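> Following is a predicted model, sequence given first.
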Amino acid sequence: MSEHGTQGGDGTGGGDGAGGGDGAGSTARRAPGPLLLGVRHHGPGSARAVRAALDRADPRVVLLEGPPEADGLIALAADEDMRPPVALLAHVVDEPGRSAFWPFAEFSPEWVAIRWALQHGVPARFIDLPATHTLAWGCEEPENENDDENEGNEKEAAEKEEKGEAEKGEPDGQRSERAQDVRIDPLAVLAEIAGYDDPERWWEDVIEHRGTLGEDAFAPFDVLGEAMEALREVHGAGGHERDLVREAYMRLQVRAAQREFGDDVAVVCGAWHVPALRQRTTVTADRALLRGLPKVKADMTWVPWTHRRLSRTSGYGAGIDSPGWYGHLFASADRPVERWMTKVAGLLRDEDRLVSSAHVIEAVRLADTLAAMRGRPLPGLTETTDAVRAVMCEGSDVPLALVHDRLVVGDILGEVPEAAPAVPLQRDLARLQRRLRLKPEAQERELELDLRKETDGGRSRLLHRLRLLGIGWGEPVASRGSTGTFRETWRLRWEPELAVRVAEAGVWGTTVIAAATAKAEADAAGARSLADVTGLAERCLLAELPDALPVVMRILADRAALDADVGHLAQALPALVRSLRYGDVRGTGTHALAGVAAGLAERVFVGLPPACAALDADAADEMRGHVDAVHGAVGLLTEGGEDDSRAGIRGRWHSVLGTLSARDTVPGVVRGRAVRLLLDDGALGQEEAARLMGLVLSPGTAPGDAAAWIEGFVGGGAGGGMLLVHDERLLGLVDSWLTGVPADAFTDVLPLLRRTFSAYEPGVRRTLGELVRRGPRPRGSVAAAVSGPPGFAPDLDMDRADAVLPVLRLLLGPDETERADRADSADSADSADSRVADGRTGGRTDDNDFAGAGR
Amino acid sequence: MSVSVDPTSVEPSQHQSAPAPAAGGEELRPHAEDAFAAELAALAAQDDRPRPARWRMSPWAVATYLLGGTLPDGTVITPKYVGPRRIVEVAVTTLATDRALLLLGVPGTAKTWVSEHLAAAVSGDSTLLVQGTAGTPEEAIRYGWNYAQLLAHGPSRDALVPSPVMRAMAQGMTARVEELTRIPADVQDTLITILSEKTLPIPELGSEVQAVRGFNLIATANDRDRGVNDLSSALRRRFNTVVLPLPESADAEVEIVSRRVDQIGRSLDLPAVPDGIDEIRRVVTVFRELRDGITADGRTKLKSPSGTLSTAEAISVVTNGLALAAHFGDGVLRAGDVAAGILGAVVRDPAADRVIWQEYLEAVVRERDGWKDFYRACREVSA
């Protein structure tokens, strides 16, 4: 094939192309010039082709597109503990947030080339523009602030990472740079020419799915190189202006390698760069391009990577959406579709789906026929997916999503040997520790933080973020002194294995805040229950992760919308409202949170009445807890803001409570509670409450239900009794009901009431008894109008009053003139006397206060 | 997206643009192979790709017939199914691999329509049909007996009454089974031998009917009816399953609904009601949102009620509303006219669905601009 001639001819050497000719497959070497292997990053077909080409050419040095700072790290790739996917990470030394990644998967051509070089004892070198320059390019960009904790900086860091990625994977056309939207996608152009609407598919058909490469190991590269050359003739740099600088640097490096090794040089780079590397330019011209480049101090290391991150759906997308599929194509020696279907069947079987070998056979047949029908050389991912859906998944997308998640993308996590340099997260942590004067000490100690102080606030945030990352350096403990929200107490203890945790957490990001944000988002997506997500939202607020919060909120809203169990919703609401309040205290923007909380409350309101029907005693108790929790949350939620929406929530909650209290199918304990809460809120008049109570305690109601109502009404938990003690109005209500209970019914009700009141603490019981013995003040009584204070007769007992008179006369002296006032003094004396008399009565029946009160 | 007309419609609109039925023209609804005879002939004539045994045309041509296109000689093939190409490709390929095809979908997703046209294109005959009901007997799938013959001459091939499936096997045609999941499970299982061994034993005569090449079977079943007579896993294994989705975009669904409503309205001689399109859009929006479990803007997730909320139901809600507006209202379709219909369609399960509906009202409808009237109307009917 004459392409080789072209390749040689356009190289740095002379224009003699005769040596190439059909000798491509022969041991006769190519024409002078380096062997240029243009690849698609992360393309398994490219990787296989690179391996074959390297085996055939047997170069003395392998040059790779990548930052030369990583040359020293190449040896680590041979380490036993090194497992792809991994990534080279470059970051600015003082600013770990400013970083770029070069990910490598098992099936990446560059990785294959590195391994080949290491196995054959041949040096491998990176020849791309050093990261010290590429990272500095980012610094020139407008929004460049240098504040450590600054959010803008974090955001920029993320962009930088993406950019580094884009730089890496640019032949895939996955550009994400805002400033350079105009860049063309070379593959898309080629695919369009070939009549494909999807560049990925075109590439798969033409390059990746070529089973055998034939005799000529170099042919694919030549053809591709030519195509790229034609493209670049038309489009020039195609808007990739910085590529010109990078390519100038690469050319210089290739020349340097040629001086050292002659033409036994293999270059593995993005196909897009191949024409540029062939170009004949002068050294001085290249040097001129490189003059005056900005510089920063950069550091490099290997970090573990995941398949998920290689896929374009995640933040650092390397531009391939099916790393698992590519890995499979690369790893399977033959019959890729059959092997793939077997894998899928295995996965579905593990998930307890019925998938037989017959299914596998039929799926393979369908995929093959579909490929034929669509005119593709081999079934691609689309065909296999269609076949899996129709044959193994019964047309459903649900199991298919599992296949996509586990196999097409894959869960594979890379590993990096311990010898790899420290991850930037570690450095960032060390830097923060210095700045916040918070030394890691093995000895346990307690730390009191006053969040109003800046340093303490920073410390608290750091500890909370580390906790989110699973680095349990500090554990929050209950504050001893103050209980204010601005105080926190931590128990600190640095254990050696925490260093390992930090290294592990390096997967999540390069700075503590970025890593914590990423982790929180991932946790939220993977959370099992609604309460987990609310808890996470709370932690995000504590750790001050404003970027993670919207994601968590969205997931929370979704979960809440789909959760049919009102109990879960009711559990989630208080935590959420607490977070809201806490956010208010700290001045964090909690607008989204308020919206979600209001939505959640709304759902609870709608779902609560039906959920309260037909419950057994235990479930009813639980539901009463939920009602209380929601009530508290609604109170907090509506507190402060008196605008329409908030007031509306309270109003609707009251109407829900009203519905609950009036519905017969709702258990008594919940009904009683609802009435009580309405009464407390002033939404229900005392008369109405008394009427409802009378209704429920009327003879028609089952005694059990009536007692449950009372239990719901006057508490039964810890605080219920205390409320009765402090609220004489309530005591009056209960008391007047109790005195109104007919004698024969009383014996039925007594044991139930005893159960209710025996739940109170002894102190409360005694106080209640004393209160009843003394008699509540008249104003609290609903029965006052007709029968005087509860526990008192409607009229004075004249005999008893008379009996006191002699003593009074003795005390005050027998003064005839004061006789006229007798009625008045007798009046007051009479009440005193009554009380004494009452006390005697109570004393006799002290074993049961209420029986005494009932007289 | 589903086909643009309801397959069970009285007169699908494509038929208007299609060539007139070959013979008679008096049929209320001609078979697909008659209605589209010209298209089928043109496709078969210009099809130079390999055809499976006894197929009237190649799989590519079948796909073109369903999805529409223009032939080299300029013949325009009208699209029969408007929806993802993938679905048609998988369906046709399945038939070509001699696996049976199971079309699943909620009511109103053109399952029957697609199966009829597939059979018409592949075998030129869409009439080898078994309608599945709770009372479908085994004879409908295997064979029955002509008892007069049987008593007079004893068991023989002449006394045998073949089922559509048996005839399809003998002639290498495509058989169709409608509503497979409504057929009792023991009757369903007669299909297992037919589909796996491709043979139908006749023990009474000590013989069998072997399927010749070209035989295949298309079954349709309702997604929502899975519980009625769920397929045994043995039978399920013989099928490749294709799920026909509901219309993809709101605009397409509004279009389908308004056109059908217009047709039905005219056939029922309802007085013309102006400006219904906004209300139709609202009904479709409500249906789609509840069905998909997410609001149209993609911001809020919702619970989905137990009803199917298919396009067909949206059509009936709007038609009903139109009748209300025309006869009892002021002649304009208003929120109040459709509210009761929507409530009836959404709340199928009085407990669970009512909560879902109220949640939807409070969380979505109440907040939406310009929906105040609708919210009030719904509150009125739900109270």
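Done, it's in. Residues are numbered from 1 along each chain as shown, chains lettered A, B, ... in the order given.
> Need the per-residue pLDDT for residue B:5.
pLDDT for residue B:5: 38.
> does stretch B:350-370 come close to chain A?
Yes. Legend: contact between stretch B:350-370 and chain A by CB under 8 Å from any CB of the partner chain is shown at B:351, B:352, B:354, B:355, B:358, B:359, B:362, B:363. In short, each C-beta sits where N, CA and C put it, glycine included.
> The second one: neighbour count?
By that I understand residue B:352. Residue neighbour count, defined by other CB atoms under 10 Å in any protein chain shown, stands at 15 for residue B:352.
> can you check the fifth one too?
Other residues near residue B:358 come to 21 when the count uses other CB under 10 Å.
> With the third one instead?
When neighbours are counted by other CB under 10 Å, residue B:354 registers 18.
> Could you say which helix or strand holds it?
helix B:352-360 (DSSP states H and E).
> Name the next helix or strand downstream of that helix, please.
For helix B:352-360, the succeeding helix or strand toward the C-terminus, using DSSP H and E, is helix B:372-382.
> How about that next one and chain A, any contact?
No. Using CB under 8 Å from any CB, helix B:372-382 stays clear of chain A, with a minimum separation of 11.1 Å.
> Alpha carbons of that helix, as PDB, please.
The C-alpha coordinates for helix B:372-382 follow below in PDB (Å, rounded to 0.1, in the frame of the first residue of the first chain):
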ATOM      1  CA  LYS B 372     -56.700  28.600  38.400                       C
ATOM      2  CA  ASP B 373     -60.000  27.800  36.700                       C
ATOM      3  CA  PHE B 374     -58.900  24.200  36.200                       C
ATOM      4  CA  TYR B 375     -57.800  23.900  39.800                       C
ATOM      5  CA  ARG B 376     -61.100  25.200  41.100                       C
ATOM      6  CA  ALA B 377     -63.100  23.000  38.800                       C
ATOM      7  CA  CYS B 378     -61.100  19.900  39.900                       C
ATOM      8  CA  ARG B 379     -61.500  20.900  43.600                       C
ATOM      9  CA  GLU B 380     -65.200  21.100  43.100                       C
ATOM     10  CA  VAL B 381     -65.600  17.700  41.500                       C
ATOM     11  CA  SER B 382     -63.100  16.000  43.900                       C
END
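> rewinding a little: how far off helix B:372-382 does the helix holding residue B:354 point, in degrees?
For helix B:352-360 against helix B:372-382, the angle by axes from the mean of the first three to the mean of the last three CA atoms, to 10 degrees is 150 degrees.
> Tell me the helices and strands packed up against helix B:352-360.
Applying 3 or more CB pairs under 8 Å, 6 or more residues apart in numbering or on different chains; DSSP states H and E, one finds that helix B:352-360 contacts helix A:591-611, helix B:277-292, helix B:335-346, helix B:372-382.
> Once you drop chain neighbours, what's closest to the residue in the stretch 251-383 of chain B that chain A sits nearest to?
Residue of the stretch 251-383 of chain B nearest chain A, by CB to the nearest CB: residue B:301 (3.7 Å). Leaving out its chain neighbours, the residue that sits closest to residue B:301 by CB to CB, 6 or more residues apart in numbering or on different chains is residue A:561, at 3.7 Å.
> following the helix or strand harbouring that neighbour, which helix or strand comes up?
Residue A:561 belongs to helix A:548-562 when assigned by DSSP H and E. Downstream of helix A:548-562, the next assigned helix or strand under DSSP H and E is helix A:566-586.
> Point out the other helices and strands that that following helix packs with.
For helix A:566-586, the packing partners by 3+ CB pairs under 8 Å, 6+ apart are helix A:530-542, helix A:548-562, helix A:591-611, helix A:617-638.
> Scan the helices and strands of the chain for the one with the lowest mean pLDDT.
Since no chain was named, I'll use chain A. Sorting the helices and strands of chain A by mean pLDDT, DSSP states H and E puts helix A:3-10 at the bottom, at a mean of 35.
> again with chain B
Lowest on mean pLDDT, DSSP H and E among the helices and strands of chain B sits helix B:14-17, with a mean of 38.
> Flag every residue of the stretch 151-300 of chain B that's near chain A.
Within the stretch 151-300 of chain B, the positions near chain A by CB under 8 Å from any CB are B:233, B:236, B:237, B:240, B:241, B:242, B:243, B:293, B:300.
> which one of those is nearest residue A:334?
For these, the closest approach to residue A:334 (CB to CB) belongs to residue B:240, at 25.9 Å.
> Hmm, residue B:100 and that closest one touching each other?
Yes. In terms of CB atoms under 8 Å, residue B:240 counts as a neighbour of residue B:100; the distance is 7.3 Å.
> shared neighbours of the two, anything?
Residues within reach of residue B:240 and of residue B:100 at once, by CB atoms under 8 Å, 6 or more residues apart in numbering or on different chains, are residue B:94.
> And the two? Which one has more around it.
Using other CB under 10 Å as the criterion, residue B:240 and residue B:100 rank with residue B:240 on top: 26 against 22.
> neighbouring strands for the helix or strand containing that one, and are they parallel or not?
In this assignment (DSSP H and E), residue B:240 forms part of strand B:239-243. Using DSSP bridges, the strands paired with strand B:239-243 are strand B:100-105 (parallel).
> Can I get the partner strand in CSV? Just the C-alpha atoms.
Coordinates of each C-alpha in strand B:100-105 appear next as CSV, following Å, rounded to 0.1, in the frame of the first residue of the first chain:
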residue,chain,number,x,y,z
ALA,B,100,-42.4,-15.4,17.4
LEU,B,101,-43.1,-11.7,18.0
LEU,B,102,-45.0,-10.4,21.1
LEU,B,103,-46.2,-6.8,20.9
LEU,B,104,-46.8,-5.3,24.3
GLY,B,105,-48.3,-2.0,25.1
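> Contacts for it, please.
Counting by CB under 8 Å, 6+ apart, A:394-395, B:91, B:94-95, B:111, B:114-115, B:118, B:180, B:191, B:195, B:216-223, B:236, B:238-246 sit against strand B:100-105.
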